[in-house]
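Chemist: predicted model, plus sequence, below.
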Amino acid sequence: MSFWAFVYRNGIWISVPLFIGSAALLAHCIINVIRVVRQAHLLSVPLLEKQEVEFSEAGRVVLCIQGPQLSMRFAHLDYELSADSIPIEGRTCLAHAKTSGFSWVRVEMKSYTLPKPGRYILRIIGLEPGATPDDKHFIVFMKPHLSRSIVYVLGIVLAGMLLVGSIVLFFLRLQSKAGNP
């Protein structure tokens, strides 16, 4: 007997534990991808031309823009981070990873490697001088988390496929048993 014949013959007994396991895996991956994004958040600051930001540890940080869906307020802006009047070289993110809710979106723009903890000056080039900040547009600094998020998203896709597959297998076997008593 082949593997697929065995799976089909015992479909009801296989599909129930597969459903339970894939539902648990799906819940685990969803909870953890949300946790990873929340733990990566370092600080948020309003959208101002020049301001001071403080980091408690050295290492890589990612500068993100956050605002309402389809906002054009960040168009044609550039960002500079400096410490003690020495600019920190930032790398533009090749894949502008996005995190979004129903009414907002956060997009990764630049990555910086901070040499030491402390105070830094953030300049936003291209912002209208004297522009008033609002409560909908922010600059967000985060720890890099894209690779861990991708692993959990792939887990969500796999768990979803297994969940749907277990349901299909269960109803296929249920239908064939009802048709062939």
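Modeler: Arrived safely, thanks for sending. Numbers count the residues shown, from 1 in each chain.
Chemist: helices and strands of this protein: which one bottoms out on pLDDT?
Modeler: helix 3-9 (a mean of 73; mean pLDDT, DSSP states H and E).
Chemist: then that one to CSV, C-alphas only?
Modeler: Output in CSV follows, covering the C-alpha atoms of helix 3-9 (Å, rounded to 0.1, in the frame of the first residue of the first chain):
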residue,chain,number,x,y,z
PHE,A,3,1.7,6.3,1.4
TRP,A,4,-1.2,8.3,-0.1
ALA,A,5,-3.5,5.3,-0.1
PHE,A,6,-2.7,4.9,3.6
VAL,A,7,-3.4,8.6,4.3
TYR,A,8,-6.7,8.4,2.4
ARG,A,9,-7.8,5.1,4.1
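Chemist: just checking, what packs against it?
Modeler: helix 146-179 (3 or more C-beta pairs under 8 Å, 6 or more residues apart in numbering; DSSP states H and E). The way it works is simple: take the backbone N, C-alpha and C, and place the C-beta from them, glycine included.
Chemist: buried set for the helix it packs on?
Modeler: Across helix 146-179, burial judged by 16 or more other C-beta atoms under 10 Å covers 148-149, 152, 155-156, 159, 162-163, 166, 169-170, 173.
Chemist: out of these, which one has the lowest pLDDT?
Modeler: Ranked by pLDDT, the buried residues of helix 146-179 bottom out at residue 173 (79).
Chemist: hmm, residue 13 and that one touching each other?
Modeler: No - Residue 173 lies out of contact with residue 13 (C-beta atoms under 8 Å); the separation is 9.0 Å.
Chemist: run through the residues that contact the residue nearest in space to the middle of the chain.
Modeler: Geometric centre of the chain, nearest residue: residue 99, 4.9 Å, by C-alpha atoms, centre = their mean. Applying C-beta atoms under 8 Å, 6 or more residues apart in numbering to residue 99 gives the contacts 37, 105-106.
Chemist: fine by me, we can end here.
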